[in-house]
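Trainee: Next one to model:
(one chain, ligands or ions: 1)
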Amino acid sequence: MKFDVLTIFPEMFSAYLHLGILGRAIERGLVDVRLVNIRDFARGRHKTTDDQPYGGGGGMVMKAGPIHRALKSVERVDGRSLVILLSPQGRRLDQPAAWELSGWDQLILVCGRYEGVDERIRSTCIDRELSIGDYILSGGELGAMVLIEAISRLIPGVLGGERSNLEDSFEEGLLEYPQYTRPKVFNGKEVPPVLLSGDHEKIRLWRRTESLRRTLERRPDLFTKARLTPEDEMILGRLKKGIPEQSN
Ligand code: 4FN
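Mentor: Numbers count the residues shown, from 1 in each chain. Got it, this is the predicted structure:
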């Protein structure tokens, strides 16, 4: 997957791109991220990328010219490429959207700053608008990083050994079960005995129950899209009736 990121703050990406799973994926050539500094395409002595809005009202708007020239400078992968504006007006990024986007060869990500980009960029150069959530941000850069991370993890080979069975429960649309590691007792709190029992079927059932319980308590909205097995439906039925967990 090739990402081209248009931003006036390319420095924001460097630590993030060099560390962890993504750093390794880039090293191994599975993911390629190119940073395009919009300011390099600005003109005049001050290389301005923003200007006052027509109609007044204060704040600044990103000029169309620099973004347009920055976009033209990006080498497009024939037909398998998409220009995305990170924007609060976009559809919300979710895991199904991440899967769909991971099927493209090149994603060109445009990050806004100030009050946003000139509407003529939006209407003529942008294929899609995507939002990472409903909160005010100072720019689209964090959105671009979130998008790059969510998509890169889906590219074959990127996760390597790090792919866990937890990942599978996320992909099924449920919250994760509680996790424990050593020591067996921490501040007087014990690890649930079932996890030490060595009974793998019992452990699987406990984890599934806890996944479903947490989803029911904290994110019941996730059930509208979750993929549930007949066993899940049975466990869920019992949880809803308030039948307590088997006490292991
Ligand atoms: N944000 C809201 C309503 C109106 C404006 C904003 C806002 C950065 C250029 C856009 C925000 C949120 C999720 C990019 C927010 C995102 C942005 C994103 C973003 C500067 C203009 C701006 C109702 C959502 C609170 C500033 C709501 N995902 N404007 O934040 O780019 O990607």
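Trainee: First-to-last residue distance for stretch 47-62?
Mentor: Chord length of stretch 47-62, first to last residue, is 12 Å (C-alpha to C-alpha, to the nearest Å).
Trainee: Show residues contacting that stretch.
Mentor: Contacts made with stretch 47-62 from outside it, assessed by C-beta atoms under 8 Å, 6 or more residues apart in numbering, are listed as 8, 38-39, 42, 63, 66, 112-118, 121. Every C-beta, even on glycine, is put in place using the N, C-alpha and C of the backbone.
Trainee: what do you get if the cut-off is 10 Å, keeping everything else the same?
Mentor: 8, 37-43, 63-67, 70, 110-119, 121 (C-beta atoms under 10 Å, 6 or more residues apart in numbering).
Trainee: Stretch 13-24 too?
Mentor: Contacts of stretch 13-24 from elsewhere in the structure, counted by C-beta under 10 Å, 6+ apart, are 3, 5, 7, 25-27, 30-31, 33, 35, 111, 141-142, 144-145, 148-149, 152-153, 158-160, 162.
Trainee: Would you mind trimming the contacts of stretch 47-62 to those in range of the ligand?
Mentor: On the criterion C-beta under 6 Å from any ligand atom, 112-116 are the entries of the contacts of stretch 47-62 that sit beside the ligand.
Trainee: need the residues of the protein near the ligand, please.
Mentor: By the rule C-beta under 6 Å from any ligand atom, the part of the chain lying against the ligand is 86-88, 112-116, 131-140, 143.
Trainee: From the residues you listed, list the buried ones, please.
Mentor: Neighbour counting by 16 or more other C-beta atoms under 10 Å classes 86-88, 112-114, 116, 131-132, 137, 139-140, 143 among those as buried.
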